[in-house]
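In: Quick check, what structure comes out for this input:
(chains A and B)
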Amino acid sequence: MEALQAAFRDLIDGFRLAPLWLTLGWEQTAARFRRTVLGPFWLTANLLAMAFALSFIFGELFGNGNWRANFALIISGILCWSITGGFLADAANAFISAGDLMNTMRLPLTFHVLLMMYKNVINFLAQLIALWVVLLVLRLGAVPDISFIFGLAIVLINGVFLSIIVAMPATRFRDVYQSVAFAVQILFFLTPVFWAPAQMQGKRSIILTLNPFAHLLELIRQPLLGRTPLLVHWEWGIGLMVVLGATAITMLTLYRKRVVFWL
Amino acid sequence: MSCSIRLDGVTLDYFIYSVKAQSLRNAVFNLAVGGNLYKSQGDVTVVRALENVSLDMQEGDRLALVGHNGSGKTSLLKVIAGIYEPQKGLVEIKGKLTSMIAHGAGLDMEASGLQNIRKLGAMRMLSKKVIESRIDSIVEFSELGDFVRLPVKTYSSGMMARLMFACATEFEADILVLDEWLGAGDASFFQKASDRMQGFVDKAQMVVIGTHNFGLVERVCNKVIELSAGRVVFYGSTKDWAAWRNR
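Out: Model (predicted):
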C-alpha cells in the first residue's frame, strides 16, 4: 500500500518539477547543437530529405507517378511518428542516460522520463513550424483542426506512460534497448506513416485496426491536415491511456526503488 | 526552518548484476525451465552495504563519516541524500537538502564555470534573480577569477572542488551532504572551507561529510560515525571519538 502511494507520489512529483525539466531540456537541446553550423535545422533537413525521398519513390510505386499527391501525408506522417513511436528508443534509454544525475541527487523516476519527453517535444514543435513553411511554399498546406491540441495531449500522456513501462526493464536487461530500437523500425513500416490507410485492403488491414500506434498517429496527423480524427481513434487513445497508466503505476509500485541499483 | 535527520535501523543491500544476469535471454530461458533456477543461476551478487544503521542529528550538527575504503560511507551519504532507498529501516529528513557526493557530479564539462553556476542554481529550483545575486560571491569564494569564463573541462580537480563547494554553500540549503572530493582543494581552500562549515552552527544548518581527513573531522565536526563493513562501530561526539581511537 505504501509502495503504491510512493508510485503516485513519484508521478506527481515528476510533474511538479516542471520548472527544472523545462530548463534542463532546453539547455540540453541547445548543447546538442553546440558548434554545429545548421543547429536545430539539422533535424529539419533530415525530415525534408526523408519526406522528399519517400514521396518520390512511393509516388511512382503507388501508380500516380506524382510525388506531390502524397507529400503532405508523408511529411506530416514522419513528423508525427517521431512523437508517437519514434521516441521509444530514447525512452528505453531514459534512465541509463540519466544515470549520472540519478546518482547525484534525489529525483523521481518520472522526472527523467518527462525530461526525455520534453526534449522530443521541442524537436517536434521546431519541425512543425518548418513543416508549415514547406507546405505553404508548395501550396499544399491546410488550416489545422482545433482537435490537434487534444490529440497531442493524449499522445503525450500515452508517451509518458509507455516510456516508464519501457525504460524500467531496459535498465535492468540491456537487451531490451536493442530490441526496442529494432521494434521501432518494424513499427515504422507497420504504421501508416508514409502510406495512406486506404491503400491497405483485405485481411492485412488488421495491422491498421489493431495497431495502437496507427490510432495515436491519426490523432495528431489528421488535425494537421485539416481533418477531424475518427471517433475510433479517440476511443483507442483514451483506452490506451487507462491501460498504459495502470501498467506504469504497477511497475512503479513494484520496482521503483530498485531502478537506481540497476544502472 | 527547523531541520533534522533521523535514521533508524537502516539496512541497504546492493544487487550487483553481472553481464550474464543483465541479459534478457538468460532470464527468459531460466524462466522456461521452471523459474526458480533464475534465482540460483542468475549471477546476482548481493552486497550488504549498510546494516542496522541508526543516527540522529539536530540543527547545527556537523557529522563526519569515517572508515576504511568500502566501509559504507558513500552508501550512507546516498541514503541520507535520498538517492538510495533502503530495503529496511526508517529515513526521516526534514529541511532542504543539497548533496554533492561524486567529484564533478552535476557539472557540465563543456559549459563554462558561470554557466555551471547557473545550472547548479537551477537544479536547486532557485529563481534566476537569486542565482544572479549569488554569482559574485561564488566567484569570489572559489577564487577562480577569469577561469569562470572557461569550460569546466579545462579545470583541475581542485578548481572543480572549489566551484562545487562554493555553489553548495552559497545557494542556501539546510542540510549539506558532501563526500571525499573536498580533499582535492589546496591548503588555503581547505582552511576557507572548514571555516565556512563551522559557521553553519550559527545558521542552524547541518553538514554530513564523508572523509578520511582526521584534521577536518576535529576542526569542523561535532559528531562522528565510524563505519566498518557497513556497521556502525562508533557513534558519538568528536571528543569521545578521539579518545576511542587512542584507546
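
In: CA only for contacts and neighbour counts going forward, please
Out: Will do.

In: give me the element B:Val208 is part of.
Out: Using DSSP states H and E, B:Val208 sits in strand B:206-210.

In: So which residues of the chain form helices?
Out: Assuming you mean chain A. Ranges of helices within chain A are A:2-16, A:18-32, A:41-61, A:71-81, A:88-92, A:94-97, A:99-102, A:109-137, A:147-172, A:175-190, A:206-209, A:212-224, A:231-255, A:259-262, based on DSSP state H.

In: that answer is for a different chain, and I need it for chain B
Out: Listed in chain order, the helices of chain B (DSSP H) span B:24-32, B:37-41, B:73-80, B:113-123, B:128-142, B:157-170, B:187-198, B:214-220, B:238-245.

In: name the helices or strands packed onto the fifth one?
Out: For helix B:128-142, the packing partners by 3 or more Cα pairs under 8 Å, 6 or more residues apart in numbering or on different chains; DSSP states H and E come out as helix B:113-123, helix B:157-170.

In: Chain A: which of these is closest?
Out: With Cα to the nearest Cα as the measure, helix B:113-123 is the member of the helices and strands packed on helix B:128-142 nearest chain A (6.4 Å).

In: Show the average pLDDT along the closest one.
Out: Averaged over helix B:113-123, pLDDT sits at 89.

In: before we move on, what about stretch A:3-11?
Out: Per-residue pLDDT over stretch A:3-11 has a mean of 94.

In: which of the residues in that stretch are buried?
Out: Applying a neighbour-count criterion of 16 or more other Cα atoms under 10 Å in any protein chain shown, one finds A:6-8, A:10-11 buried in stretch A:3-11.

In: hang on, the earlier thing: dump the helices and strands packed on helix B:128-142 to TSV, plus distance to B:Asp202 and mean neighbour count.
Out: Shown next, in TSV, are these (distance: least, Cα to Cα, whole Å; neighbours: other Cα atoms under 10 Å in any protein chain shown):
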stretch	distance to B:Asp202	mean neighbour count
helix B:113-123	23	21
helix B:157-170	14	22
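
In: send the alpha carbons of stretch B:101-117 over as CSV?
Out: Provided in CSV are the C-alpha atoms of stretch B:101-117 (Å, rounded to 0.1, in the frame of the first residue of the first chain):
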residue,chain,number,x,y,z
ILE,B,101,28.6,13.3,-3.5
ALA,B,102,30.7,12.5,-6.5
HIS,B,103,33.6,14.7,-7.7
GLY,B,104,32.4,16.8,-10.6
ALA,B,105,28.8,15.5,-10.3
GLY,B,106,26.2,17.7,-11.9
LEU,B,107,28.8,19.8,-13.7
ASP,B,108,28.5,20.2,-17.5
MET,B,109,32.1,19.8,-18.7
GLU,B,110,31.6,21.6,-22.0
ALA,B,111,29.9,24.6,-20.4
SER,B,112,31.8,27.5,-18.7
GLY,B,113,32.1,27.9,-14.9
LEU,B,114,29.5,30.7,-15.0
GLN,B,115,27.0,28.6,-16.9
ASN,B,116,27.6,25.8,-14.5
ILE,B,117,26.9,28.1,-11.5
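
In: Quick one: low-confidence residue ranges for the chain.
Out: By default, I'm working from chain A. Chain A contains residues with pLDDT under 70 at A:63-65.

In: Correction: the question concerned chain B.
Out: Along chain B, segments meeting pLDDT under 70 span B:1, B:19-23, B:25-43, B:204.

In: near chain A, which residues of it show up?
Out: For chain B, the residues in contact with chain A under the definition Cα under 8 Å from any Cα of the partner chain are B:14-17, B:21-24, B:81-85, B:98-102, B:105-106, B:122-123, B:125.

In: residue contacts, residue 90?
Out: No chain specified, so I'll use chain A. A:Asp90 makes contact with A:Met116, according to Cα atoms under 8 Å, 6 or more residues apart in numbering or on different chains.

In: The chain in question should be chain B.
Out: Contact analysis of B:Leu90 by Cα under 8 Å, 6+ apart lists B:6-10.

In: pretty sure A:Pro229 is touching A:Leu219, no?
Out: Yes: between A:Pro229 and A:Leu219 there is a contact under Cα atoms under 8 Å: 5.7 Å.

In: Which residue would be the closest one in the stretch 151-263 of chain A to chain B?
Out: Residue nearest to chain B within the stretch 151-263 of chain A: A:Phe173 (4.7 Å; Cα to the nearest Cα).

In: what's the neighbour count on that residue?
Out: Look at A:Phe173: counted by other Cα atoms under 10 Å in any protein chain shown, it has 21 neighbours.

In: Go ahead and confirm it touches B:Tyr17.
Out: No: with contacts counted by Cα under 8 Å, A:Phe173 stays clear of B:Tyr17, the gap being 9.6 Å.

In: All set, thanks.
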